[in-house]
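> have a look at this fold, sequence not included:
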């Protein structure tokens, strides 16, 4: 918990330490702040702190110095390099042994958030007929870790199986293809009469902008997941699971 003045009410449970990657783009930190506000609104008694791996402040050592106990929750969609190496290394360097929650994906809540963003972009996601003729590009950053890319493919497969899209194609913004343009062409070749691009990314920045710029042939482009309500619920679910696991192991 964060150190507090004498006589102040004690927060409920350890601090939720949200660990984000960070970006030079100020929209990234602004999105993280909105997500933190959403988490606090859902659970007012919980102390929530934020630390960044790179580019933004505060960094992990700065935040840990003012915490009594915490559970780290990575603001990451998959177990790629940042989850497997960067966060554990940063915590070790800070001398921390706190519990670390699982990454956000996969989760049905992420699919709900993707639906939300498509609906906000103008797609009638509630209509089975609309879904049946719409092909979706699930556009991620891409990773050099094959397991992370496989996890994103599993998200696409689950999203199609549960929502009835005409087709879903993956696209990567940073690593080797397929590109957004290639994915749109593949959707049309598979019979989709309408195409939508859904960025599978947490906050605005260079790569989401690259996706949007490349999606000129799509009928619509959704926003990033951002501070969607589903993400706030998912962060709390990951926090709760890690807190329970730590308590049982104690």
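Structure received. Worth saying up front: this structure is predicted, and the values here are computed from it rather than measured. Numbers count the residues shown, from 1 in each chain.
> OK, contacts around residue 216?
Taking CB atoms under 8 Å, 6 or more residues apart in numbering as the criterion, residue 216 is in contact with no other residue. All C-beta spots, glycine's among them, are computed from the backbone N, C-alpha and C.
> which of the three states applies to it?
Each residue gets one of three states, and residue 216 gets coil by DSSP: H, G, I helix; E, B strand; the rest coil.
> next up, phi/psi of residue 171, please.
Dihedral angles phi and psi of residue 171 (degrees, to the nearest 10) take the values phi -140, psi 150.
> please apply the same query to residue 137.
Listed backbone geometry of residue 137 is phi -90, psi 120, with angles given as degrees, to the nearest 10.
> what's the neighbour count on it?
Per other CB atoms under 10 Å, the neighbour tally for residue 137 reads 32.
> is it true that it touches residue 187?
Yes: Residue 137 is within contact range of residue 187, at 6.8 Å (criterion: CB atoms under 8 Å).
> hey, what's in contact with both of these two?
Joint contacts of residue 137 and residue 187 (CB under 8 Å, 6+ apart) are 169, 195.
> what about the strands in this protein?
Counting by DSSP state E, the segments of the chain that form strands are 15-20, 48-52, 70-74, 134-140, 167-172, 194-199, 220-221.
> what helices or strands is the helix or strand bottoming out on mean pLDDT in the chain leaning on?
Every helix and strand in the chain was compared by mean pLDDT, DSSP states H and E; the lowest is helix 81, with a mean of 73. Contact analysis of helix 81 by 3 or more CB pairs under 8 Å, 6 or more residues apart in numbering; DSSP states H and E lists no helix or strand as a packing neighbour.
> and that helix, how far from the chain's centre?
How far helix 81 lies from its chain's middle: 15 Å, per CA atoms, centre = their mean, to the nearest Å.
> what's next to that helix, contact-wise?
Residues external to helix 81 that are found in contact with it (CB under 8 Å, 6+ apart): 143, 144, 145.
> now swap in stretch 107-120 and tell me
Here stretch 107-120 makes contact (CB under 8 Å, 6+ apart) with 77, 104, 125-126, 136, 138, 155, 158-159, 162-163, 196, 198-200, 220, 222-226, 228-231, 233-234, 237.
> if we can go back for a sec, most neighbours among the contacts of helix 81, which one?
In terms of neighbour count, residue 143 stands highest of the contacts of helix 81 at 21 neighbours, by other CB under 10 Å.
> doesn't residue 175 make contact with it?
Yes: contact between residue 143 and residue 175 holds when scored by CB under 8 Å: they sit 6.4 Å apart.
> how close does residue 246 get to residue 95?
When CB to CB, to the nearest Å is the yardstick, residue 246 and residue 95 sit 18 Å from each other.
> neighbour-wise, which of those two wins?
More neighbours surround residue 246 than the other of residue 246 and residue 95, with 16 against 8 (other CB under 10 Å).
> for the more buried one, which non-adjacent residue is spatially closest?
For residue 246, ignoring the flanking residues on the chain, the nearest one in space by CB to CB, 6 or more residues apart in numbering is residue 99 at 4.1 Å.
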